[in-house]
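Asks: Below: sequence and its predicted model.
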Amino acid sequence: MTRSLLLVLPLLLSGAAAAREVTPGDYSLSVSPVAELCLDGVGPLDRWSQLSALGLRAVDVNGQASMSLCVTRARFGGRWFSEATFAVAVEGPQGPGVYLVAAHNSVASYARVEQRRNLSPYTHGQIFFSDDPALASLLLRSAEGVEALKATNGGPPLSPTSAAGFEGPIYLPSGGHFFAKLGPSEGSAPFEPDEDTFTILPGAEHSAVASALTAAGFTPTGWRGSQASTHAKTRTAPPTR
């Protein structure tokens, strides 16, 4: 399963306007510890045909697309903030990676920097979650506080795992990309439909992430989490198309 949760810390990013190539592994930013919780899932492959315009193709996993909804919490510059990201596993010009469909940042100014400087699909939103392996849950609200999505692990706690995490390109709707190294995961558990919950709420139209999950036909398959992950990223390369 491709690991998708990226943590993009906006005030340090050098921006898509930087007209030079980026190199895998040349990380300009690394943050730790990062608390995170992810819901991996699948959905109809044909809903991603539009990615061909960016030179991308959704990875075919038994006839379905592989996707992840991830929420994170970290501290930078003395300020706590959270992010929510929705991404799909893809093949692209820079190699296999993920396409960042939509994202929220709990700090409005951070979201604006992402939009303007890096041409990333960020909007302001409220993000709440528990990274406790025994109490995994998440809640997304719009910037105005309208509840859009919630999920809860009501089954067994996340079990210890040694998953290495993700390292590769993250492609953006703008046509730009950057490279990231995210992980590792500390725990995982299957999504149990009879015990766990995943609910798109009526307020989903006020959340770009929740709306994108709805459009993608996202069906959760498993949980991943960590209380002390490390996230690193390169500069953002400008669009080439």
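Replies: Noted; the coordinates are in hand.
Asks: List the buried residues of the helix or strand of the chain with the lowest mean pLDDT.
Replies: For the chain, using mean pLDDT, DSSP states H and E, the weakest element among its helices and strands is helix 108-118, scoring a mean of 88. Neighbour-count burial for helix 108-118 flags 110-111, 113-115, 117-118 (criterion: 16 or more other Cβ atoms under 10 Å). Using the backbone N, CA and C atoms, a C-beta is placed for each residue, glycine as well.
Asks: what does stretch 182-200 give?
Replies: Neighbour-count burial for stretch 182-200 flags 182-189, 191, 196, 198, 200 (criterion: 16+ other Cβ under 10 Å).
Asks: How far does that stretch stretch from one end to the other?
Replies: 27 Å (Cα to Cα, to the nearest Å).
Asks: what's the answer for stretch 153-173, then?
Replies: First-to-last residue span, stretch 153-173, Cα to Cα: 31 Å.
Asks: repeat for stretch 54-67
Replies: End-to-end distance for stretch 54-67, by Cα to Cα: 18 Å.
Asks: What of stretch 209-226?
Replies: So stretch 209-226: terminal residues 21 Å apart, Cα to Cα.
Asks: If you count neighbours, what's buried in that stretch?
Replies: 209-213, 216-218, 220-226.
Asks: Flag the shaky bits of the chain, pLDDT-wise.
Replies: 1-20, 241 (pLDDT under 70).
Asks: center of it, which residue is that?
Replies: Residue closest to the average C-alpha location in the chain (Cα atoms, centre = their mean): T85, at 3.0 Å.
Asks: Which strand residues bridge the residue nearest to that residue when sequence neighbours are not counted?
Replies: Nearest residue to T85, sequence neighbours excluded (Cβ to Cβ, 6 or more residues apart in numbering): A103, at 4.5 Å. Under DSSP bridges, the beta-bridge partners of A103 are T85, Y122.
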